[in-house]
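1. I'd like to go over a predicted model; first the sequence, then the structure.
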Amino acid sequence: MNTNKMKSYLYKSENFIIIGLILGIVFGIFFIHLSRDTSLDYNVWLSAGKQDNYTLNSYVRFKYTHPDRYIEGKWLIKQVACREGDLLERYGDYFTCNGKNIVKALHIDKNCNPLIQFEYNGIIPKGYYFLTGTHERSYDSRYFGLIYHSEIDERVFPLRSLLW
């Protein structure tokens, strides 16, 4: 296949994907979520709906309903860093999942307030997830702990990674 045919094919494929997304949004199959959260690299998300199980590295959207000075009542999007059946351990400031370093807990927030850190060493129980952001100062499971499956509203995909 020559270069011009390849470019034409890719251009048509990209248009097909964009048209499919637009139709999905119009007919209520997909939903777009905008996030002002800076703890992840993306701020436009495509909804994929509730799932029975969420895999490692997938993104999930949930409303945090527990009392908390930072995020009570806010919708959050985080990435599954460790899940049910995995071994979550803490060594000093580092959390590991099945022996792999996943995230470092900080002692103070950006305003120099002390952070209460989640303490856990063991197998994650059925239906629970350890969720993180990609920013080093993300407020996530390092501080608020495990999130239960029923608290998760849906799986989401970063829109930018679907189109580019």
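-> Arrived safely, thanks for sending. Numbering: from 1, shown residues only.
2. from here on, contacts and neighbour counts on C-alpha atoms
-> Noted.
3. low pLDDT regions in the chain?
-> For the chain, applying pLDDT under 70 flags the ranges 1-30, 33-34, 36-37, 66-72, 160-164.
4. which stretches of it form helices?
-> For the chain, applying DSSP state H gives helices covering 3-26, 141-144, 159-163.
5. Name the nearest residue to residue 159, ignoring sequence neighbours.
-> residue 45 (5.1 Å; Cα to Cα, 6 or more residues apart in numbering).
6. Touching, that neighbour and residue 154? I think so.
-> No - with contact defined as Cα atoms under 8 Å, residue 45 does not count as touching residue 154 (11.2 Å).
7. These two: which has the busier surroundings?
-> The neighbour comparison of residue 45 against residue 154 (other Cα atoms under 10 Å) goes to residue 45, with 22 against 19.
8. hey, where'd the strands end up in the protein?
-> If DSSP state E is used as the criterion, the strands of the chain fall at 32-34, 44-49, 59-63, 75-83, 87-91, 94-97, 100-104, 122-123, 128-132, 147-148, 152-158.
9. Which one of those lies nearest to residue 114?
-> With Cα to Cα as the criterion, residue 114 lies closest to strand 100-104 of the strands of the chain, at 15.1 Å.
10. Could you dump the strands of the chain into JSON lines with distance to residue 114 added?
-> As requested, the strands of the chain are exported to JSON lines (distance: least, Cα to Cα, whole Å):
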{"stretch": "strand 32-34", "distance to residue 114": "30"}
{"stretch": "strand 44-49", "distance to residue 114": "31"}
{"stretch": "strand 59-63", "distance to residue 114": "24"}
{"stretch": "strand 75-83", "distance to residue 114": "22"}
{"stretch": "strand 87-91", "distance to residue 114": "19"}
{"stretch": "strand 94-97", "distance to residue 114": "17"}
{"stretch": "strand 100-104", "distance to residue 114": "15"}
{"stretch": "strand 122-123", "distance to residue 114": "25"}
{"stretch": "strand 128-132", "distance to residue 114": "19"}
{"stretch": "strand 147-148", "distance to residue 114": "22"}
{"stretch": "strand 152-158", "distance to residue 114": "27"}
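11. quick one, what contacts residue 50?
-> With contact set as Cα atoms under 8 Å, 6 or more residues apart in numbering, residue 50 has these partners: 152, 153, 154, 155.
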